[in-house]
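Undergrad: got a structure for you, letters missing:
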């Protein structure tokens, strides 16, 4: 049989970009065993692999809404879950799958007797958003094929290969390990399924960045300034920003010799450097960043607004979307578009920061509204005062359907050393001119 | 939902040299996407939909109510150290029109505007801006804009020159630009500019020289290249301030007045030219000078 099919397998494999040789052979032989004529069998094989090969994707490329693609990876963990779908009890399987580009969580609607450690190729899978992150789905209509164990060794799944720097932990990670210093920390009581539990929240940092964390387990002996090494923390995603969660499966240990680390408490906790807007736009969410640019627009919705006293929603004519006619609370805010010539980012300022940037207190602004009998007067005044001004903001960024928004935690007018900048730019030009002869 | 187009920083010289417009529906697909934005590609590889400029408004004209034209239309000239931007504001820019109809000329302004281009059919292209935002500014804002625009322009020129001075083939260039370190907003514009304009090193060098001159116009308190000139400059400014009315002061009159104080016509000429390029004075009319308030 081999001698008969070998040249055809060779030919098919070449036509399909020298891949899937084993699978092509298996498929072709299966068809020939069914006494399918050779030409028809070859056509079928080509069609089958032509369809699948261009749509094979990697974990990092998964985007909500994709469907009908093929993905190959190793099952890292899998567990059975009982859920109620449309009043019907069902058993589903959820877990995580990793390949050379990352790890994603998945849900399998049917029992495919998969086990942790299996290397699988899944055809006809789809992706939805679940818990703020992309999740892979497959079920009866998908084709799941187990591959030999050495097809994808553990060492090729980088997400499993040891600790990461904070800047490299992203929303595709499910689990993370790293060595960090705690720069902020506080305790908080939350009620979980009717039971009150104390959790620890805070911010961790290394020389590459900062991330928020939550610990569901007690952290004895650990405080602000502690250097810790943790393994297998769960990564959750909120508004595109990864957050680190310590739970039962996480090991947290103090670092014995922190002075050997490439960062100190002071170096890791210092304020962030200004980033170009283009960099911020490249990310779905970033924690604690700084942006400096020109206010190119003060958007409608800025100025004096009214909020519902119950839910804090912005109300229109004292009418809350959820609570109807309410006794409103006055508030001031600003929605700006900040642009540094590399990109445009929306920036939200609360009343306190608005007062600082606008230069008028909320009391003065309220007086303006009363004097002129119009709320728009504050918005118009903000536009006149602020359009074209150069400001710096610090806060978290996140992507939504309108682009990227930074919710400012602080905002100020930065110093601008004109003399120094002009001098260094002229020097830069002259250097270039000299270099070019 | 489309993301907001960013606001480019460009000097007037580079902007006005542009001829290559990409409009929606111009591609062969035939499918017109009315929501896709218009772009102008400059010779130095900026692909621009929106601009943010800071400069001196030197002239505002009411050109509305002309036959076949829009009822209300204002044309303003806004100058930076390298040239002049033309801004048209009509019925659909009511706020900008009100602003332009009342603005004192000259004064520092900032404008955020969409790029427009007009081809009369003889091969030439006129580019202009339609304002979205327009506001009063001051000298600090203008100076900072010049520095930031210079920095961003140089960033782009450096990449463009690297590409041109190498012997890379077209595909190698695309690969090089797709690599890390080149922001995507720069990459596309450079490829388009090379394709359409065949921009050469001479143009980029020239533009770099303009950027340098623009930076030199900023009064940083450093002594200017030729110290003796500042005396002539301050004399001119003094003379202009004394008679800062109406259409300004005639050039010949300035030379005569300065001559009385032992300043040669040559010195007056170079002083005036330097003041003009730095935006301290302007010409309301050819041969007349007026100080910028």
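TA: Happy to help now that I have it. Computed from a predicted model, the values in this text were never measured in an experiment.
Undergrad: what is the neighbour count of residue 194?
TA: Using chain A. 5 (other CB atoms under 10 Å in any protein chain shown). To be clear about C-beta, it is placed using only N, CA and C from the backbone, and glycine gets the same treatment.
Undergrad: that's the other chain; I wanted chain B
TA: Should you count by other CB under 10 Å, residue B:194 turns out to have 18 residues around it.
Undergrad: closest residue of chain A to chain B?
TA: residue A:388 (3.3 Å; CB to the nearest CB).
Undergrad: which one is that residue nearest to, not counting chain neighbours?
TA: residue B:110 (3.3 Å; CB to CB, 6 or more residues apart in numbering or on different chains).
Undergrad: quick check: next helix or strand after the helix or strand the one you found falls within?
TA: According to DSSP states H and E, residue B:110 maps onto strand B:107-118. Tracing the chain past strand B:107-118, the next element assigned as helix or strand by DSSP H and E is strand B:126-136.
Undergrad: can you tell me the average pLDDT over that following strand?
TA: On average, the pLDDT along strand B:126-136 is 95.
Undergrad: what pairs with residue A:126 across the strands?
TA: residue A:67, residue A:137 (DSSP bridges).
Undergrad: roughly how far apart are it and residue A:435?
TA: From residue A:126 over to residue A:435 the distance is 54 Å, taken as CB to CB, to the nearest Å.
Undergrad: for the stretch 51-200 of chain B, which segments count as helices?
TA: B:94-102, B:139-165, B:170-178, B:184-197 (DSSP state H, counting those that start in this stretch).
Undergrad: quick one, which of those helices is nearest to chain A?
TA: helix B:139-165 (4.5 Å).
Undergrad: buried sites along the closest one?
TA: Buried residues in helix B:139-165, counted by 16 or more other CB atoms under 10 Å in any protein chain shown: B:141-157, B:159-161, B:163-164.
Undergrad: please apply the same query to stretch B:105-113.
TA: So stretch B:105-113, judged by 16+ other CB under 10 Å, has buried residues B:105, B:106, B:108, B:109, B:110, B:111, B:112, B:113.
Undergrad: return the member of these nearest to residue B:272.
TA: residue B:106 (15.6 Å; CB to CB).
Undergrad: give me the pLDDT for the spatially closest residue to residue A:300 that is not a sequence neighbour.
TA: Nearest residue to residue A:300, sequence neighbours excluded (CB to CB, 6+ apart): residue A:379, at 7.0 Å. Note for residue A:379: predicted pLDDT of 95.
Undergrad: over to residue A:379. Which of the three states is it?
TA: helix (DSSP: H, G, I helix; E, B strand; the rest coil).
Undergrad: if the residue of the stretch 51-200 of chain B found nearest chain A is in a bridge, with which residues?
TA: Residue nearest to chain A within the stretch 51-200 of chain B (CB to the nearest CB): residue B:110, separated by 3.3 Å. Counting by DSSP bridges, residue B:110 is bridged to residue B:54, residue B:135.
Undergrad: quick check: it touching residue B:141?
TA: Yes - counting by CB atoms under 8 Å, residue B:110 touches residue B:141, with 6.3 Å between them.
Undergrad: any common contacting residues for these two?
TA: Common contact partners of residue B:110 and residue B:141 (CB atoms under 8 Å, 6 or more residues apart in numbering or on different chains): A:388, B:54.
Undergrad: what's the local residue count around residue A:74?
TA: 23.
Undergrad: that one bridge partners, please.
TA: residue A:98, residue A:119.
Undergrad: I'd say it and residue A:115 touch.
TA: No - contact criterion CB under 8 Å: residue A:74 and residue A:115 do not qualify, at 10.9 Å.
Undergrad: can you pull the domain assignment for chain B?
TA: B:1-218, B:229-291 (automatic domain parsing).
Undergrad: among those domains, which is the most enclosed?
TA: Of these, the one with the most neighbours on average (mean count of other CB atoms under 10 Å in any protein chain shown) is domain B:1-218, at a mean of 18.
Undergrad: which stretch among the domains of chain B comes nearest residue A:138?
TA: Across the domains of chain B, residue A:138 has its closest neighbour in domain B:1-218 (29.6 Å, CB to CB).
Undergrad: residue A:138 reaches residue A:97, doesn't it?
TA: No - Residue A:138 lies out of contact with residue A:97 (CB under 8 Å); the separation is 9.8 Å.
Undergrad: what sits in contact with each of these two?
TA: Common neighbours of residue A:138 and residue A:97 (CB under 8 Å, 6+ apart) are residue A:106.
Undergrad: comparing those two, which residue is more hemmed in?
TA: The residue with more neighbours, out of residue A:138 and residue A:97, is residue A:97; 29 against 23, by other CB under 10 Å.
Undergrad: next one: phi and psi at the closest residue to residue A:308 other than its chain neighbours?
TA: Once flanking residues are discounted, residue A:308 sits nearest to residue A:320: 3.7 Å by CB to CB, 6+ apart. For residue A:320, the backbone dihedrals are phi -90, psi 140 (criterion: degrees, to the nearest 10).
Undergrad: go on, the one 5 residues further on?
TA: Dihedral angles of residue A:325 (phi, psi; degrees, to the nearest 10) stand at phi -70, psi 120.
Undergrad: for it, give me the pLDDT.
TA: Taking residue A:325 on its own, its pLDDT is 88.
Undergrad: could you do residue B:222 as well?
TA: 50.
Undergrad: now the farthest one out in chain B, which residue is it?
TA: What lies farthest from the middle of chain B is residue B:260; by CA atoms, centre = their mean that is 37.2 Å.
Undergrad: contacts for the helix or strand hosting residue A:45, please.
TA: Residue A:45 is part of helix A:38-52, with elements assigned from DSSP H and E. For helix A:38-52, contacts defined as CB under 8 Å, 6+ apart pick out A:8, A:11-12, A:15-16, A:20, A:23-24, A:27-28, A:31-32, A:36, A:70, A:123.
Undergrad: for residue 275, which residues are in contact?
TA: This is for chain A. Here residue A:275 is in contact with A:286, A:289, A:290, A:291 (CB under 8 Å, 6+ apart).
Undergrad: chain B, not that one
TA: B:233, B:236, B:237, B:281.
Undergrad: now with 7 Å?
TA: Residues in contact with residue B:275 (CB atoms under 7 Å, 6 or more residues apart in numbering or on different chains) are B:233, B:236, B:281.
Undergrad: quick one: which of the residues you listed sit in helices?
TA: Counted as lying in helices by DSSP state H, out of the contacts of residue B:275, are B:233, B:236.
Undergrad: looking at the contacts of residue B:275, which is nearest chain A?
TA: residue B:233 (18.7 Å).
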